[in-house]
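In: how does the following fold in three dimensions:
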Amino acid sequence: AISQARRRLGPEPLKLLFERVALPCAQRGTQGAWLGRWRLMAIDGFVLDVPDTPVNDAEFGRSGGTRNPAPFPQVKIVGLGECGTHAIVAARMAPWRTDEGTLARDLVADFEPGMLVTADRGFYAYRLWEEAAATGADLLWRMPDGPHLPVVRPLKDGSYESFLLDPKVRGRRATQRHRGSARIEEPSGIPVRVVEYEVTNRDGKGEIFCLITTIMDPDEASSAELAAAYAERWEFESSLDEIKTHQRGRGGVLRSKSPDMIEQEIWALLLTHYAVRHLMCEAADQAEVDPDRLSFIRSLRVIRRQITDQAGFSPSSSRESS
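Out: Numbering: from 1, shown residues only. Got it, this is the predicted structure:
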């Protein structure tokens, strides 16, 4: 009966509910959620295994190819989350073969002025950066190896001004040079500020981080502050682990047998996680502590103990009495 009711409901009402209620919940006084005037946000992706049914397999596919396929079909999800509270406020989902950048491009519609959106190097693309910056949100993304970032002007905090060159322009310039054409003047591109620093891992080996940002003035945010803000992106990865591991319990695979029900189940997972995290943020604000000081697992257990009983009235009898 529950499965039949779920099928009648479909995924759209839960998707609409999530879009309406899942808003950034950090207040100005919420600790660890801000860099100056910017609300720290992050985008990242993850994959969920779904039951191995013919319709799920046809809709979502699975990684590994024909030679070494994964044991289950998989759904890819990219979300926009609030770093300080771990609250996921927007998400897009698609078959596993869909590129994360494609989902991120759709997610750009949820960027807003006043946000500082961080992203790992796997998300960088010239067009995606261009579209994301046009929303009015500020950006702080790690660059992949490869794109050359010329120094236009060094800045007092060790960062420097540079620009992003359209790949099409770069390709034409390389072709002309190969043909022996006269030297072309460096064309203008999208202005960015570059922050470079080295991080030493547990083995004592260093790794160079190259960040680009739309925040051009070091007086607004120094290179050290931006490096610390980028490190907060890992908080969003904790959010994903909370959903994949702790919230669902030991079951590693979703339960639904059809694509519509899979989508409905994922929206329900996101709604539940947001509700827990919103409650934790309120508790942290009241206690004047960083939300990171509160345990997600303990909070989840407390909430579960409070909702073990069934509803105290029947919706059908309520309608009859009215």
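In: center of the chain - which residue?
Out: What sits nearest the mean C-alpha location of the chain, by Cα atoms, centre = their mean, is Ile43, with 2.3 Å.
In: element containing that one, please.
Out: Assigned by DSSP states H and E, Ile43 falls within strand 38-49.
In: thinking again about what came up before, residues contacting the residue nearest to the centre of the chain?
Out: By Cβ atoms under 8 Å, 6 or more residues apart in numbering, the contact set of Ile43 is 78-81, 104, 107, 117-119, 123, 236. All C-beta spots, glycine's among them, are computed from the backbone N, C-alpha and C.
In: looking at these, which are in strands?
Out: 78-81, 117-119 (DSSP state E).
In: redo these as JSON lines? Include distance to Phe72.
Out: Below are those laid out as JSON lines (distance: Cβ to Cβ, whole Å):
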{"residue": "Val78", "distance to Phe72": "20"}
{"residue": "Gly79", "distance to Phe72": "21"}
{"residue": "Leu80", "distance to Phe72": "26"}
{"residue": "Gly81", "distance to Phe72": "25"}
{"residue": "Val117", "distance to Phe72": "31"}
{"residue": "Thr118", "distance to Phe72": "31"}
{"residue": "Ala119", "distance to Phe72": "28"}
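In: so where's the stretch 1-150 of the chain uncertain?
Out: Within the stretch 1-150 of the chain, not a single segment meets pLDDT under 70.
In: which residues of it fall in helices?
Out: For the stretch 1-150 of the chain, applying DSSP state H, counting those that start in this stretch gives helices covering 2-9, 12-21, 54-60, 100-107, 126-133.
In: between those helices, which gets nearest to Met280?
Out: Closest to Met280 of the helices of the stretch 1-150 of the chain is helix 12-21 (Cβ to Cβ; 15.7 Å).
In: count the residues that sit near Glu288.
Out: The tally of other residues near Glu288 (other Cβ atoms under 10 Å) stands at 9.
In: typo on my end, it should be Gly189
Out: Around Gly189 there are 16 residues (other Cβ under 10 Å).
In: repeat that for Ile88.
Out: With neighbours defined by other Cβ under 10 Å, the count for Ile88 comes to 26.
In: kindly list the longest helix within the chain.
Out: Looking across the chain with DSSP state H, the single longest helix is helix 259-287.
In: any buried residues in the helix or strand following that one, and which?
Out: For helix 259-287, the following helix or strand on the C-terminal side (DSSP H and E) is helix 296-306. Buried residues in helix 296-306, counted by 16 or more other Cβ atoms under 10 Å: 296, 300.
In: which neighbouring elements make contact with helix 296-306?
Out: helix 259-287 (3 or more Cβ pairs under 8 Å, 6 or more residues apart in numbering; DSSP states H and E).
In: quick check: mean pLDDT of the helix it packs on?
Out: Helix 259-287 comes out with an average pLDDT of 95.
In: tell me the angle of it relative to helix 12-21?
Out: 30 degrees (axes from the mean of the first three to the mean of the last three Cα atoms, to 10 degrees).
In: tell me the buried residues in helix 259-287?
Out: Buried positions in helix 259-287, judged by neighbour count with 16+ other Cβ under 10 Å: 259-267, 269-271, 273-274, 276-278, 280-281, 284-285.
In: got it, and stretch 107-121?
Out: Across stretch 107-121, burial judged by 16+ other Cβ under 10 Å covers 107-108, 110-111, 115-120.
In: out of those, which comes closest to Leu128?
Out: Using Cβ to Cβ, Val108 is the member of the buried residues of stretch 107-121 that sits closest to Leu128, with 7.4 Å.
In: is it true that the closest one touches Glu130?
Out: No: with contact defined as Cβ atoms under 8 Å, Val108 does not reach Glu130; the gap is 10.0 Å.
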